[in-house]
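In: Let me see the structure of the following:
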Amino acid sequence: MEPPFCLSPRYRLDDELPWLEGIDPSRHYWIAVNGDKSLTVAIPGLTVSSINELKQFLREFRALQPEERMVLTRLASACTIYCISSNCYAIEGEINGAVVWHLFDQETLESLLRTAHPDWQCASKDIELGRNLLMRSFQQTAASKG
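Out: Residues are numbered from 1 along each chain as shown. Take a look at the predicted model:
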């Protein structure tokens, strides 16, 4: 038996390979892992109910120090942001049974978090991403019952 292989794809706003597939209406970040469109994951993003809540979250995010973390709590899920170093943050996920830490610089992750603004609207093409996530959850529910 081989030990699990841990990937650490890193994303920047100026990457040569486009990695951000879109952000759906429920603020899931759809990411092509290392720019590979055949390996796309949905990472739960930040949702807030007010601008003040967004500002408070961004202040806490900017104050993170190496080895600290903060949790994005959503209605049906949560994810954790880990501060690796002064300009490196990780969000843990799983791909094909392997643990993956998606690495972001501060500017990139903060730009994703800012889509939690109550007035933000996704691109019309990204509405379909939300439908895909809904279909995935229906399939998982059906598989667990069957």
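In: Which stretches in this protein count as helices?
Out: 51-63, 106-113, 127-145 (DSSP state H).
In: Once you drop chain neighbours, what's closest to the residue positioned nearest the centre of the chain?
Out: Nearest residue to the geometric centre of the chain (C-alpha atoms, centre = their mean): residue 43, 3.2 Å. For residue 43, ignoring the flanking residues on the chain, the nearest one in space by C-beta to C-beta, 6 or more residues apart in numbering is residue 29 at 4.6 Å. Any C-beta I mention is one placed from the backbone N, CA and C, and that applies to glycine too.
In: Who are the contact partners of the one you found?
Out: 20, 23, 42, 43, 45, 112 (C-beta atoms under 8 Å, 6 or more residues apart in numbering).
In: Kindly recompute the last result at 10 Å.
Out: Residues near residue 29 by C-beta atoms under 10 Å, 6 or more residues apart in numbering: 11, 19-23, 41-46, 79, 91, 102, 104, 109, 112-113, 115, 129.
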